[in-house]
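A.B. asks: need coordinates for the following:
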Amino acid sequence: MDPSQRAPVALAERRLAWLDARQRVLSQNIAHADTPGYRPRDLPDFASLVQRGGALSVGLARTDPHHLAASRDPRARVDRMAVDTTPNGNAVSLDREAMKVADTDSAHALTIGLHRRWLGLFRTALGRTQ
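C.D. replies: Model prediction:
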C-alpha cells in the first residue's frame, strides 16, 4: 500500500496543483494591470472541482447523529468578475489581486502542513522518526 496514493495525500497534491495554477493566473493579472482592455481571470474554486472529481471527492463523515451536517458556509461570498474598469478598459484591481494572492499563499501553507502531517503519520506507524 503506497501512502502517497491514499485519498488525503492525493487530495492535498491536487489542491497544491490547483493553488500553483491559481498563483500563475493571479500573477498574470497583476502583470497586465496596465494593459488596455485586459480583464482579470481566476480559476473556478477548488471545492467545485473536487465535487466533479469523482475518486478524489472526500466528504465529511457523520459518525454520530449529534454531529452537524455539512452545509454551505453562509459567510462564503461569490467572487464576481470586476465591473469597475479604467478609461482604457482595464479591470484589474491590484488590491483585489493582492488579497487573492495572500489567500492562495496561506492555503498553500496549510495544505503543505497537512500533507506533511499525513505522511508523518505513516512514518510513525512504520516506526520511523525521520
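A.B. asks: check which helices and strands the longest helix seen in the chain sits against.
C.D. replies: Longest helix of the chain, by residue count under DSSP state H: helix 94-125. Helix 94-125 makes packing contacts with helix 7-31 when contacts are defined by 3 or more CB pairs under 8 Å, 6 or more residues apart in numbering; DSSP states H and E. C-beta: built from backbone N, CA, C; applies to glycine.
A.B. asks: can you list the buried residues in the following helix or strand past the helix it packs on?
C.D. replies: Note on helix 7-31: by DSSP states H and E, the next helix or strand toward the C-terminus is helix 46-52. Residues of helix 46-52 classed as buried: 46, 50 (neighbour count, 16 or more other CB atoms under 10 Å).
A.B. asks: and the angle for the longest helix of the chain with helix 7-31?
C.D. replies: Here helix 94-125 runs at an angle of 160 degrees relative to helix 7-31 (axes from the mean of the first three to the mean of the last three CA atoms, to 10 degrees).
A.B. asks: count the residues that sit near residue 90.
C.D. replies: Under the neighbour criterion other CB atoms under 10 Å, residue 90 is assigned a count of 19.
A.B. asks: residue 12 reaches residue 117, doesn't it?
C.D. replies: No. In this structure, residue 12 is not within contact of residue 117 by CB atoms under 8 Å, at 9.8 Å.
A.B. asks: which one's more surrounded, the two?
C.D. replies: residue 12 (21 against 11).
A.B. asks: for the more buried one, which non-adjacent residue is closest in space?
C.D. replies: Excluding the flanking residues, the one nearest residue 12 by CB to CB, 6 or more residues apart in numbering is residue 115, at 4.1 Å.
A.B. asks: who's in contact with the one you found?
C.D. replies: For residue 115, the contact set (CB atoms under 8 Å, 6 or more residues apart in numbering) comprises 9, 12-13, 16.
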